[in-house]
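*Asks:* only the shape, not the letters, is given here:
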């Protein structure tokens, strides 16, 4: 197999050894093995991999595309991609036969830290590669035997199928070791640039781009800056502003419509970026270009060239030379220069006024407030902002502002909102999931990815981080960063800790009192309805796999620990007592894990003719409480409170 576009990099012996170590020490779950014939009349198009996957194609010539990489296959080809990768197969002849092997990899707790260090060098589970095997018949036989064993359905046969998977990996790495193949992955920087060019109008998360290549977001940022000379964030902003400039010049859309249509979070974000890069507002830019086009229509000897440095040249003309604004003007060119100078002067005069950026109280950073106060006239408010306190965290003692004004939160947004603070910035994932819970409280918050470059543009004075421990060091260089160890704190500990960080101790007590009352009211409601002793199963259910939650899972912890509902005995012994987050349970044995009621998380589907599912008593009695992701994704106190209300109301209705 040969790539169509860019040459990849060769697997080094060190890489192969590291990948083999990771495979050996990780927990591998074989999810499914499938066989599919792809015909030229109905090619496989834009198939998003539900898990990590090996795909082996044989029987004819085909074009295979995995994310942004195109492979040309002659007779045999093996490709690998991580979960979420997009696969397309277009046979050049009549058909191509394909085997697909889906698997999941997890890190064991006792080796997790060591494996994470290895995976910072190379992550074999999300790697993207494609090649022609040195012994294609041997691999074809391995895939065929793996599928036959898997389809038998018995435990011993599926164990054998897993053995074939390990043998396959061994043969692939032997091929790499012999140096007979190349790693067919495009240059990440070039592919990232292509991706941004195509998708800049949509929400972008740089980590998702990095995951396509099995590297960290920091590595992708460094590679991109080395190749392009600017950061990923700067390039993305340039693309978006370029599109906004075009729309400002050539459409009558409002600033808000242009901001939304070109990928900015809102018009405030577009306004701020315009001021930062071009020293004027979008409205002034539109007026200047309207005047320019009027003059150009009269005199074709003078035109502004349209490019990304256009506005920089306008600023230069203002700063490096003067125009006679009130005297006699002798040419149309001088008229235009004078008009531009007036516009830029007005812009400069208003540049000190802060934009409304969705912060809690005041958008001016603390250091700016200190420098603009007359000597000896500091107010209480400015003193409160400038003063700091020291709080103890798992990362050591951290100095935080006494009255933080520009707070950025990645995950536990509901906790911050419950304490009466409107974040300046929230992680895009948090905002997307919060629509049904606390969306109204963060309408003015700026939606960002939690990459250091994104966070830096907001100039925060406090960052609250619950996910992404690996980004802590980079974020802490931007502003005081409080790391909340997700899953290791009770609700009471977490709210008290965040309340201390925000200097909202009294508010934290009030929130916890209200939450405790809600828990007690819920337990009393269950008791009055005769539901105190019923058993509850919490999980995500599907035809192939069922993930049963333990008490470490957000919803499981709420149901079993806080509401003190009973788990079925198998769930208690196999998952909760074993201290597992999930239990991966096949459909064949699901009945042993199901209780009187089932809480169905997420958007999973069960086919109508699934006999095992239909035989479950909870299904037959209609005792299924379906919970969508907006209520099950987080443990924050607002989401948890809404989830308690929802579960109580649903179960009481079903009990009647």
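*Replies:* That came in fine, so what should we check first? Only a predicted model underlies this, so the values are computations on that prediction, with no experimental measurement involved. Numbers count the residues shown, from 1 in each chain.

*Asks:* who touches stretch 495-510?
*Replies:* Residues from elsewhere that reach stretch 495-510, judged by C-beta atoms under 8 Å, 6 or more residues apart in numbering: 389, 391, 400, 402-404, 407, 412, 415-416, 418-421, 462, 464, 482, 484, 489, 511-512, 515, 637. C-beta here means a position set from N, CA and C on the backbone, and glycine is covered the same way.

*Asks:* how about 7 Å then?
*Replies:* 389, 391, 400, 402-404, 412, 415-416, 419-421, 464, 482, 484, 489, 511-512, 637 (C-beta atoms under 7 Å, 6 or more residues apart in numbering).

*Asks:* among those residues, which lie within helices?
*Replies:* Members of the contacts of stretch 495-510 lying in helices (criterion: DSSP state H): 415-416, 511-512, 637.

*Asks:* average pLDDT across stretch 568-584?
*Replies:* Averaged across stretch 568-584, pLDDT comes to 90.

*Asks:* stretch 243-262 too?
*Replies:* pLDDT averaged over stretch 243-262 gives 89.

*Asks:* buried residues in that stretch?
*Replies:* 243-245, 247-248, 255, 258-260, 262 (16 or more other C-beta atoms under 10 Å).

*Asks:* could you give the separation of the strand or helix carrying residue 600 from the chain centroid?
*Replies:* Using DSSP states H and E, residue 600 sits within strand 597-601. Relative to its parent chain, strand 597-601 has a centroid offset of 26 Å by C-alpha atoms, centre = their mean, to the nearest Å.

*Asks:* and after it, which helix or strand comes next?
*Replies:* helix 611-615.

*Asks:* and that following helix, what does it pack against?
*Replies:* With contacts taken as 3 or more C-beta pairs under 7 Å, 6 or more residues apart in numbering; DSSP states H and E, helix 611-615 sits against no other helix or strand.

*Asks:* who's in contact with it?
*Replies:* 587-588, 590-591, 606, 619.

*Asks:* check stretch 549-559 too.
*Replies:* Outside stretch 549-559, the residues that reach it (C-beta under 7 Å, 6+ apart) are 487, 536, 538-539, 560-561, 565, 575-576, 579-583, 599, 601, 632, 634-635, 640, 643.

*Asks:* for stretch 527-538, buried residues please.
*Replies:* 531, 534-538.

*Asks:* export the buried residues of stretch 243-262 to JSON lines and tack on distance to residue 111 and secondary structure?
*Replies:* Putting these into JSON lines (distance: C-beta to C-beta, whole Å; DSSP: H, G, I helix; E, B strand; the rest coil) gives the following:
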{"residue": "243", "distance to residue 111": "47", "secondary structure": "helix"}
{"residue": "244", "distance to residue 111": "49", "secondary structure": "helix"}
{"residue": "245", "distance to residue 111": "52", "secondary structure": "helix"}
{"residue": "247", "distance to residue 111": "52", "secondary structure": "helix"}
{"residue": "248", "distance to residue 111": "55", "secondary structure": "helix"}
{"residue": "255", "distance to residue 111": "53", "secondary structure": "helix"}
{"residue": "258", "distance to residue 111": "51", "secondary structure": "helix"}
{"residue": "259", "distance to residue 111": "47", "secondary structure": "helix"}
{"residue": "260", "distance to residue 111": "46", "secondary structure": "helix"}
{"residue": "262", "distance to residue 111": "46", "secondary structure": "coil"}
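
*Asks:* in what helix or strand does the nearest residue to residue 146 once chain neighbours are set aside lie?
*Replies:* Closest residue in space to residue 146, ignoring its immediate chain neighbours: residue 164 at 3.9 Å, by C-beta to C-beta, 6 or more residues apart in numbering. Taking DSSP H and E as the definition, residue 164 sits inside helix 155-177.

*Asks:* quick one: buried residues of that helix?
*Replies:* Of the residues in helix 155-177, those buried (16+ other C-beta under 10 Å) are 158, 160-162, 164-165, 168-169, 171-173, 175-176.

*Asks:* just stretch 459-479 next, same as before
*Replies:* Buried residues in stretch 459-479 (16+ other C-beta under 10 Å): 459-468, 471-472, 474-476, 478-479.

*Asks:* next step: those residues restricted to helices.
*Replies:* 472, 474-476.

*Asks:* return the member of those nearest to residue 234.
*Replies:* Minimum distance to residue 234 across those is 16.5 Å, recorded for residue 474 (C-beta to C-beta).

*Asks:* show me the contacts for the closest one.
*Replies:* residue 452.

*Asks:* coming back round to it: any chance of a PyMOL selection covering the buried ones in the contacts of stretch 549-559?
*Replies:* The PyMOL selection below is limited to those of the contacts of stretch 549-559 classed as buried (16+ other C-beta under 10 Å):
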select buried, resi 536+538+539+560+565+575+576+580+582+583+599+601+632+634+635+640+643
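
*Asks:* tally of neighbours for residue 220?
*Replies:* 23 (other C-beta atoms under 10 Å).

*Asks:* wait, it sits on residue 192?
*Replies:* Yes. Counting by C-beta atoms under 7 Å, residue 220 touches residue 192, with 6.1 Å between them.

*Asks:* residues shared between the contacts of those two?
*Replies:* residue 209.

*Asks:* ok, back up a step: okay, and which of the buried residues of stretch 459-479 map to strands?
*Replies:* 462-465 (DSSP state E).

*Asks:* tell me which of these is nearest to residue 450?
*Replies:* Taking those together and measuring to residue 450 by C-beta to C-beta, the closest member is residue 465, at 7.6 Å.

*Asks:* now pLDDT, distance to residue 63 and secondary structure too, for the buried residues of stretch 527-538, in a markdown table please.
*Replies:* Output for those, formatted as a markdown table (pLDDT from 0 to 100; distance: C-beta to C-beta, whole Å; DSSP: H, G, I helix; E, B strand; the rest coil):
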| residue | pLDDT | distance to residue 63 | secondary structure |
| --- | --- | --- | --- |
| 531 | 92 | 58 | coil |
| 534 | 94 | 56 | coil |
| 535 | 96 | 53 | strand |
| 536 | 96 | 50 | strand |
| 537 | 96 | 46 | strand |
| 538 | 95 | 44 | strand |
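
*Asks:* which of the residues you listed sits closest to residue 24?
*Replies:* Nearest member of the buried residues of stretch 527-538 to residue 24, counting by C-beta to C-beta, is residue 538, at 33.1 Å.

*Asks:* doesn't residue 602 make contact with the closest one?
*Replies:* No. With contact defined as C-beta under 7 Å, residue 538 does not reach residue 602; the gap is 11.2 Å.

*Asks:* state the mean pLDDT of stretch 40-47.
*Replies:* 89.

*Asks:* what are the buried residues along it?
*Replies:* Neighbour-count burial for stretch 40-47 [16+ other C-beta under 10 Å]: residue 44.

*Asks:* distance from it to the middle of the chain?
*Replies:* The answer for stretch 40-47 is 28 Å, by C-alpha atoms, centre = their mean.

*Asks:* what does that stretch rub up against?
*Replies:* 38, 86-91, 93-94.

*Asks:* buried ones among those?
*Replies:* 38, 87-89, 91.

*Asks:* can I get those in JSON lines with distance to residue 526 and secondary structure?
*Replies:* Formatted as JSON lines, the buried ones among the contacts of stretch 40-47 follow (distance: C-beta to C-beta, whole Å; three-state DSSP):
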{"residue": "38", "distance to residue 526": "53", "secondary structure": "strand"}
{"residue": "87", "distance to residue 526": "47", "secondary structure": "strand"}
{"residue": "88", "distance to residue 526": "51", "secondary structure": "strand"}
{"residue": "89", "distance to residue 526": "52", "secondary structure": "strand"}
{"residue": "91", "distance to residue 526": "58", "secondary structure": "strand"}
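
*Asks:* max pairwise distance over those residues: which two?
*Replies:* Once C-beta to C-beta is applied, the buried ones among the contacts of stretch 40-47 give 87 and 91 as the farthest pair, at 13.8 Å.

*Asks:* coming back round to it: out of the ones in helices among the contacts of stretch 495-510, which two sit at the greatest distance?
*Replies:* 416 and 512 (14.7 Å).
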